[in-house]
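> Sharing a sequence plus its predicted fold:
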Amino acid sequence: MGREELRRGTPVKEFEAPIRTYRSDAYALLPTPRRLASARRITVKIGSALILDQAGGAIREEWLDSLADDIARLRGRGQDVAVVSSGAVAIGRHALDLHQNTLSKTDRQAAAAVGQVQLARAYTETFARHRLTVAQILLTPDDTTERHRLANVSATLINLLNFQTIPVVNENDAITSCGASFGDNDRLAARTAQLIGSDILVLLSNVAGLYSADPYESSSTVLIREVHNVTPEIEQMAGGARPGYSAGGMISKLVAARMALASGCTMIIADGRDTHPLSAIDAGKPCTWFHPSPAAPIARKT
Ligand SMILES: Nc1ncnc2c1ncn2[C@@H]1O[C@H](COP(=O)(O)OP(=O)(O)O)[C@@H](O)[C@H]1O
Ligand SMILES: N[C@@H](CCC(=O)OP(=O)(O)O)C(=O)O
């Protein structure tokens, strides 16, 4: 998908439409919170580059254990957490020895089918150490655009949270095709956050947040710490992803930010490369906070 296409959101524009929010009243009353502890419900998105050792193709188990430790700590203090995880295609292509830069549609689907099983197993095993149960949800774009399916997905996810499980969401890449897919998981994460009424959406990435320009391409960039409105000036800062397993780059994260903010959900882009990335946010490690306007949709309890 081209840069302009991504920025405009085509062909996935409909996913950006704001939907009813279930944000908790308590959170809505807080003045611009900057700690995860202030949220009742959190969605955490993990990019392919974090879950996978790109050179060897193995799942980064020590890192994943540390993420699970962090999430278990949030659960322990009564917060609901849903995970949106990328990585199926990247893991599966290693398993199938598909090392060419571009995969055909069918090879990508095969890689996703193989990789998703391994991804789910890794999450199941790491959360089992904390006696937490993982529930897998694989979505296609239609599941989040058709009204009755949307309500169904939302109800399923909220029920799973009420059972105190950790839903792990991904696109159903084994059956979606490029023409009708989310394309990247940033928008899927924003959609998931809307569906469960997250107070905070955390996008863990391979950069500390939104910089004034791509830090991998320019040496004189500064980290933007606070964003209150995704203006054209902010959008101009964002570039695409570097070659590798990731998709979307900063452009798709800003699309996700617009979606989240429209539903009254705070969004964070934070560096997830080191272990215990959520503890680092709580400890004040620099990242980018996107704050919804106080006039964002009225919250209500579930
Ligand atoms: N203004 C910017 N600030 C930070 N990163 C940027 C910016 N513009 C482009 N990027 C790129 O976006 C990448 C993060 O997006 P992506 O690779 O899709 O991550 P993920 O796999 O976590 O979704 C960074 O590695 C960086 O190269
Ligand atoms: N759904 C795909 C992930 C696509 C994607 O958005 O990747 P990333 O940019 O690393 O978050 C997969 O599981 O491989």
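Received, thanks. Everything quoted here is computed from the prediction, not taken from an experiment. Ligands and ions are numbered 1, 2, ... in the order given.
> Double-check that Trp289 belongs to a helix.
No: counting by DSSP: H, G, I helix; E, B strand; the rest coil, Trp289 is not found in a helix; it is strand.
> Offset the numbering so it begins at 29, please.
Sounds good: first residue 29 from here, last item Trp317.
> Tell me, how many residues neighbour it?
21 (other CB atoms under 10 Å). Using the backbone N, CA and C atoms, a C-beta is placed for each residue, glycine as well.
> How much space separates it from Ile296?
Look at Trp317 and Ile296: by CB to CB, to the nearest Å, they are 6 Å apart.
> Check Ala96 too.
Distance from Ala96 to Ile296, by CB to CB: 19 Å.
> Ile262 now?
Distance of Ile262 to Ile296, computed by CB to CB: 15 Å.
> residues in contact with the residue of the stretch 29-178 of the chain found nearest ligand 1?
When distances are taken as CB to the nearest ligand atom, the stretch 29-178 of the chain reaches nearest to ligand 1 at Gly75, 2.5 Å away. Counting by CB atoms under 8 Å, 6 or more residues apart in numbering, Gly75 touches Ser114, Asn213, Leu231, Leu232, Ser233, Asn234, Ser274, Gly300.
> Show me which of the residues you listed are buried.
Ser114, Asn213, Leu231, Leu232, Ser233, Asn234, Ser274, Gly300 (16 or more other CB atoms under 10 Å).
> Those residues in strands, which ones?
In this view, the buried ones among the contacts of Gly75 that belong to strands under DSSP state E are Leu231, Leu232, Ser233.
> Adding distance to ligand 2 and pLDDT, write the buried ones among the contacts of Gly75 out as CSV.
Putting the buried ones among the contacts of Gly75 into CSV (distance: CB to the nearest ligand atom, whole Å; pLDDT from 0 to 100) gives the following:
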residue, distance to ligand 2, pLDDT
Ser114, 3, 95
Asn213, 4, 94
Leu231, 9, 98
Leu232, 10, 97
Ser233, 8, 94
Asn234, 9, 91
Ser274, 4, 62
Gly300, 11, 97
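> closest to Leu102 among these?
Nearest to Leu102 among the buried ones among the contacts of Gly75 is Leu232, at 13.7 Å by CB to CB.
> dump the residue contacts of the closest one.
When contacts are counted by CB under 8 Å, 6+ apart, Leu232 touches Val72, Lys73, Ile74, Gly75, Leu78, Leu95, Ala298, Asp299, Gly300, Pro305.
> cutoff 10 Å now
The neighbours of Leu232, taking CB atoms under 10 Å, 6 or more residues apart in numbering as the test, are 72-75, 77-79, 95, 113, 296-301, 305-306, 308-309, 315.
> Identify the residue spatially nearest to it, adjacent ones excluded.
In space, and not counting its chain neighbours, Leu232 is closest to Gly300: 2.9 Å by CB to CB, 6 or more residues apart in numbering.
> how close does the one you found get to Ala65?
From Gly300 to Ala65 the distance is 19 Å (CB to CB).
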